[in-house]
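J.: next input, structure requested:
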Amino acid sequence: MAFDWLIRRKDAIFIDLGFGRYPTTTIETYRRLAGINPDIGVEIDTERLLGAKRYDQSNVEFRLDGFNLPLRKEESATLIRCYRDFQSVLPKNLLHHVIPGEWIYQFFEDWTASYYKIMKQKLPSKRQIFYETALILYKEYGYNLIQTKRLLKRGFLVVK
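T.: So this is what the prediction gives:
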């Protein structure tokens, strides 16, 4: 498994940010990771949170909050899963740096440019679009990305 060392860390915590109407992705992530580590579903909408609470179980918890990530003092996110339009949902410490001259700002500028280059090709699926966009970020813009095809096809972009 890619990033096995990261997933199997004893202190790893996985966050599903903005799980939506149903907490399917949070439960799916937990099952795929075979219950190795805790999984936290975060949602800003109170009604959605209340609906998800019935799915709380050992190592799966749902919390109300926004993009500040409601972590306790002893918790630290290892992996954050959120849906492809994620610039607007960055944690505040990164969001405040999305300004000209900062690396994160340039990253999103380059990502957007890469995306529009790929859109001209009319690829068949969102996964293929994501994959090809990541390759442009690597090849044309020089980002140090982990290029594991399996991860990219699943929508994981890991910048070293």
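J.: residues contacting stretch 41-61, please?
T.: Residues outside stretch 41-61 that contact it (C-beta atoms under 8 Å, 6 or more residues apart in numbering): 15-23, 25-27, 30, 35, 37-40, 62-67, 69-70. (C-beta placed from N, C-alpha, C; glycine too.)
J.: now, which of those lie within helices?
T.: Members of the contacts of stretch 41-61 lying in helices (criterion: DSSP state H): 25, 26, 27, 30.
J.: wait, what's in contact with the most centrally placed residue in the chain?
T.: Nearest residue to the geometric centre of the chain (C-alpha atoms, centre = their mean): residue 81, 2.9 Å. Counting by C-beta under 8 Å, 6+ apart, residue 81 touches 14, 15, 16, 17, 25, 29.
J.: same thing but at 10 Å, please
T.: 14-19, 25-26, 28-29, 39, 41, 155-156 (C-beta atoms under 10 Å, 6 or more residues apart in numbering).
J.: and those residues, which are buried?
T.: 14, 15, 16, 17, 18, 19, 25, 26, 29, 39, 41, 156 (16 or more other C-beta atoms under 10 Å).
J.: which one of the ones in helices among the contacts of stretch 41-61 sits closest to residue 108?
T.: Ranked by distance to residue 108 (C-beta to C-beta), the ones in helices among the contacts of stretch 41-61 are led by residue 25 at 23.0 Å.
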